[in-house]
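A.B. asks: Fold the following, please.
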Amino acid sequence: MAAPSADDAEVVVIHTDGGCVPNPGPGGWGAVLRQGSHELELWGGTADETTNNRMELTAPIRALEALKRPVTVHLHTDSTYVRNGITKWVLGWSRNGWLTSAKQPVKNVDLWQELVAACSRHDVHWHWVKGHAGNVDNERADVLATRGLQEAVAQRA
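C.D. replies: Numbering: from 1, shown residues only. Below is the predicted model:
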């Protein structure tokens with residue numbers, strides 16, 4: 001059976017991206033949400049020092065929080081850190097009191113906990129896409145992340 005597309009009115013397809021220049025440094029995040037013929041672009045950023053990983057985590061959190069009701073979501077990220085974290089590592093971290101297998105505190109625990117909460121309201125299917133490889137909505141999310149970073153830095157100036 002084929003995976004649902006953005007044409008399926010019951011599925012929201014989300015593409016997210018985040019980044020910093022430099023890393024660590026000011027950062028931005030972006031998301032493109034589609035449901036049927038509806039489309040929404042979200043972006044934001046911070047002029048404060050942050051990391052690529054924090055911005056990559058912020059993008060799906062904000063996108064999922066923007067959804068008004070529980071839905072099936074196909075969430076696409078170019079971050080293996082985010083995809084592996086939410087699909088493989090987070091259950092163990094939570095079970096171990098948010099410690100890694102090496103008994104060290106999980107980095108970005110605040111955002112991992114926010115992401116778990118945001119996912120709990122929806123049926124989220126995670127997909128990894130190669131960044132900067134011509135995926136139109138991934139490229140748009142990248143442009144939105146850059147916009148979020150630039151706007152945050154400009155507001156501080």
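A.B. asks: Neighbouring strands - and their directions - for the host helix or strand of G18?
C.D. replies: Per DSSP states H and E, G18 falls inside strand 11-20. Each strand pairing with strand 11-20, determined using DSSP bridges, is listed with its direction: strand 25-35 (antiparallel), strand 72-77 (parallel).
A.B. asks: For D142, which of those is the nearest?
C.D. replies: With CB to CB as the measure, strand 25-35 is the member of these nearest D142 (6.8 Å). C-beta here means a position set from N, CA and C on the backbone, and glycine is covered the same way.
A.B. asks: Do I have it right that W93 meets Q104?
C.D. replies: No: in this structure W93 lies outside contact range of Q104 using CB atoms under 8 Å: 10.6 Å.
A.B. asks: between these two, which one's more packed in?
C.D. replies: Neighbours per residue (other CB atoms under 10 Å) separate W93 from Q104, with W93 holding more: 19 against 8.
A.B. asks: for this structure, longest helix please?
C.D. replies: For the chain, the helix reaching the highest residue count under DSSP state H is reported as helix 136-156.
A.B. asks: ok and that helix relative to strand 25-35, angle-wise?
C.D. replies: Using axes from the mean of the first three to the mean of the last three CA atoms, to 10 degrees, the direction of helix 136-156 lies 140 degrees away from that of strand 25-35.
A.B. asks: how far does helix 136-156 sit from the chain's center?
C.D. replies: Here the centre of helix 136-156 is set off from its chain's centre by 13 Å, with CA atoms, centre = their mean, to the nearest Å.
A.B. asks: what's the answer for stretch 106-124, then?
C.D. replies: The chain centre lies 10 Å from the centre of stretch 106-124; the measure is CA atoms, centre = their mean.
A.B. asks: Surely D48 forms part of a strand?
C.D. replies: Yes: D48 forms part of a strand when assessed by DSSP: H, G, I helix; E, B strand; the rest coil.
A.B. asks: I figured it hits G28, correct?
C.D. replies: No: under the criterion of CB under 8 Å, D48 lies out of contact with G28, with a separation of 11.9 Å.
A.B. asks: Between those two, which has more neighbouring residues?
C.D. replies: For D48 against G28, the residue with the higher neighbour count under other CB under 10 Å is G28, and the figures read 29 against 11.
A.B. asks: got a list of what the more buried one touches?
C.D. replies: Taking CB atoms under 8 Å, 6 or more residues apart in numbering, we find G28 in contact with 18-20, 43-46, 55, 144-152.
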